[in-house]
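>>> pasting the structure only:
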């Protein structure tokens, strides 16, 4: 039995929000809104436009208790941080559409219940089976383009809009949500 937590999902999302709001300054003093993903976590997995932050791994009996509790705790923190006082900013993640369809191809313990938005990124918590250890599960924060969940509205009848829609559909179709637990994480 073992449980290891290597990152704080709420802290990662909070930092991305601060960066995208322009609260970080570059050497020239101007707002720097580019996210340095590796600076947020050394264990990040970058699959093209998908960013996966390993948060925790549980093996043995712990995987039945501690991991679901951690996932619920983070979900409640996201609900409070991105809403609260009766206002819920989360949206459902449809297993047949967008990134939900991508996740449906993976071996999950449970399908994510919600997705949240931070500027032009969407994020969700993914509780999955570790493909290399059958009695282990992982919890990861998946970050992907917000357009994959919330398409940009506009004049859909133009050639430009149709081309954009096809490009987004191709990005989603080619998206890869697979990853493995980093060997050096939690040492």
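Yep, it's here. No experiment lies behind these values; they were computed from the predicted model shown.
>>> pretty sure residue 7 contacts residue 42?
No. Look at residue 7 against residue 42 with CB atoms under 8 Å: they stay out of range, at 9.3 Å. Every C-beta, even on glycine, is put in place using the N, C-alpha and C of the backbone.
>>> And those two? Which one has more around it.
residue 7 (20 against 11; other CB atoms under 10 Å).
>>> which residues does the more buried one contact?
41, 43, 53, 54, 55, 141 (CB atoms under 8 Å, 6 or more residues apart in numbering).
>>> again, only this time at 7 Å
Residues in contact with residue 7 (CB atoms under 7 Å, 6 or more residues apart in numbering) are 41, 53, 54, 55.
>>> mind listing the strands for the protein?
2-5, 45-47, 50-59, 83-84, 87-88, 108-110, 116-118, 121-129, 136-145 (DSSP state E).
>>> Quick check: which helices or strands does the first one pack against?
Looking back up the chat, that one is strand 2-5. strand 50-59 (3 or more CB pairs under 7 Å, 6 or more residues apart in numbering; DSSP states H and E).
>>> Report the contact partners of the most centrally placed residue in the chain.
Closest residue to the average C-alpha location of the chain: residue 142 at 1.9 Å, with CA atoms, centre = their mean. Counting by CB under 7 Å, 6+ apart, residue 142 touches 50, 52, 123, 124, 126, 177.
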